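Asks: Fold the following.
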Amino acid sequence: MNDLKKRDTKLHRVYLDNATTSFPKPESVYRVVECFMRDCGGSAGRSGHYAAIEAQRIIDDARLLCAGLLNAPSPQNIIFTPNATTAINIALKGILSTNDNVVFGSFEHNAVTRPLYSLSKCGISVTKIESDLDSGLDKEQLKNAIRSDTRLVICNHVSNVFGTENDVVGIGRICRESGVLFMVDAAQSAGVKLIDVQGMCIDLLAFSGHKSLFGLQGTGGLYVASGVQVRPLIEGGTGSAAVGVMSSDEMFEQPAKLPDKLESGTINTHGIVGLAAGLRFIFETGIDRIAAKELELVSRLVNGLQEINGIRVISPAKKFNRGSVVSFQHDSIPPDQIAAILDTGFGIAVRSGLHCAFAPHQTIGTIKSGGTVRISPNYFNNESEIDYCIDAIRKIS
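Replies: Predicted coordinates for the structure are as follows:
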């Protein structure tokens, strides 16, 4: 913290790495987390005193808010996890069995591709569909790729590398007509894109709490549609068993109902408190308003970068139906050097490299050159910060 304070006196600090984690958070998030830590601190479902009861109320409230955001049929369809990666692993390893086939896109995060690679060694077949920078996953290829043994189709809603948005409505319809499950990685879209899991035919959806939902790191979740059976990845204490009501065998079995079935161990309640505050901010502000501002900033950023000699913008050409993520490369300066100069010379926080997503860089051909520089504005950024960033990159170039 002392180093940050020293840098404040020398540099104008601009945070443009919101695809990694959003910053700053709404003021209400900071307030409620501190209040909970100081005044409550209980653990939901583990005791019967006032602090535990208040913690349970908070978690129930957050679950209800998440269900409302996604138009889930019930709050019980929402499972809280430490992050979207855990949610994806729970779903993939709890749904797929030996001899199943799973279809996925070529712009997926490592949270999807690495579990699938591991599962492919255990008798599960995987089929990769090529994705396009502008249009995303090819739906015609998807139709042809679905087989009689296909159990699941998974893709991201928005690419964390390029900002490409998949047509999840169209993909969901194809999956529903084909009788296969459809899962969406909404780590980059939940909170800034309208999501209707029922209307979009989504059976499973993973979301991150610390990005566009404005929550803390260590929060995320999984939506599981009613009737979809997911084997627990982790088993243990849920706080729901009633001594004297269950038989000895039942006591050792994981509860069968959601969310307890997939939610073992002590929940990150102070994180969920912050997540709930972030969700309330989104509902009060409006997703349409948040998305419109982000897209205006992205458009300004793309236009400015395209005017700089030596810069190659690797991002969807369209202004709408895309995410607030822009990647670029320079003809001669490696991405990590550009990011380092932006940080130390201008106080601008961006990200360089492969962004925990090998597959999209492999698809576009940006691996050997060190990946890309990724800039990701959000609702709390403004036009002057975007202009400052463009000017800094122009000077570096």
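
Asks: where do the helices sit along the stretch 201-350 of the chain?
Replies: For the stretch 201-350 of the chain, the helices defined by DSSP state H, counting those that start in this stretch cover 248-252, 269-285, 287-306, 335-346.

Asks: and those helices, which is most packed in?
Replies: When these are scored by mean count of other CB atoms under 10 Å, the highest mean neighbour count falls to helix 269-285 (a mean of 22). The way it works is simple: take the backbone N, C-alpha and C, and place the C-beta from them, glycine included.

Asks: packing partners for that one?
Replies: Packing contacts for helix 269-285, counted by 3 or more CB pairs under 8 Å, 6 or more residues apart in numbering; DSSP states H and E, involve helix 27-39, helix 50-70.

Asks: give me the number of residues near residue 30?
Replies: 14 (other CB atoms under 10 Å).

Asks: sorry, back to before: the helices and strands packed on helix 269-285: which one's closest to residue 139?
Replies: Nearest of those to residue 139, taken as CB to CB: helix 50-70 at 22.7 Å.

Asks: so the closest one versus helix 269-285, what angle?
Replies: 40 degrees (axes from the mean of the first three to the mean of the last three CA atoms, to 10 degrees).

Asks: for helix 50-70, the distance to its chain's centre please.
Replies: Taking CA atoms, centre = their mean, to the nearest Å, one finds the center of helix 50-70 at 20 Å from the center of the full chain.

Asks: So for it, mean pLDDT?
Replies: Helix 50-70 shows a mean pLDDT of 93.

Asks: Just the buried positions in it, please.
Replies: Within helix 50-70, the residues that count as buried by 16 or more other CB atoms under 10 Å are 51-52, 54-56, 58-59, 61-67, 69-70.

Asks: now swap in stretch 257-267 and tell me
Replies: Residues of stretch 257-267 classed as buried: 258, 259, 260, 261, 262, 263, 264, 267 (neighbour count, 16+ other CB under 10 Å).

Asks: Dump it to PDB, restricted to CA.
Replies: Presented in PDB, the C-alpha positions along stretch 257-267 are these (Å, rounded to 0.1, in the frame of the first residue of the first chain):
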ATOM      1  CA  LYS A 257     -31.300 -31.500  -3.200                       C
ATOM      2  CA  LEU A 258     -29.800 -28.300  -4.500                       C
ATOM      3  CA  PRO A 259     -28.000 -26.200  -3.500                       C
ATOM      4  CA  ASP A 260     -26.700 -28.400  -0.700                       C
ATOM      5  CA  LYS A 261     -25.800 -31.200  -3.100                       C
ATOM      6  CA  LEU A 262     -23.100 -29.100  -4.800                       C
ATOM      7  CA  GLU A 263     -22.300 -26.600  -2.000                       C
ATOM      8  CA  SER A 264     -20.100 -28.300   0.700                       C
ATOM      9  CA  GLY A 265     -17.900 -26.500   3.100                       C
ATOM     10  CA  THR A 266     -18.100 -23.100   4.700                       C
ATOM     11  CA  ILE A 267     -19.300 -20.500   2.200                       C
END
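
Asks: which residues are contacting that stretch?
Replies: Residues from elsewhere that reach stretch 257-267 (CB atoms under 8 Å, 6 or more residues apart in numbering): 43-44, 46, 59, 63, 76-80, 90, 94, 222, 224, 230, 232-238, 240, 254-255.

Asks: try it again with 6 Å
Replies: If you take CB atoms under 6 Å, 6 or more residues apart in numbering as the criterion, stretch 257-267 is touched by 43, 76, 79, 80, 90, 232, 234, 235, 236, 238, 240, 255.

Asks: and which of these is nearest to residue 285?
Replies: Closest to residue 285, out of all of the contacts of stretch 257-267 and judged by CB to CB, is residue 80, at 23.0 Å.
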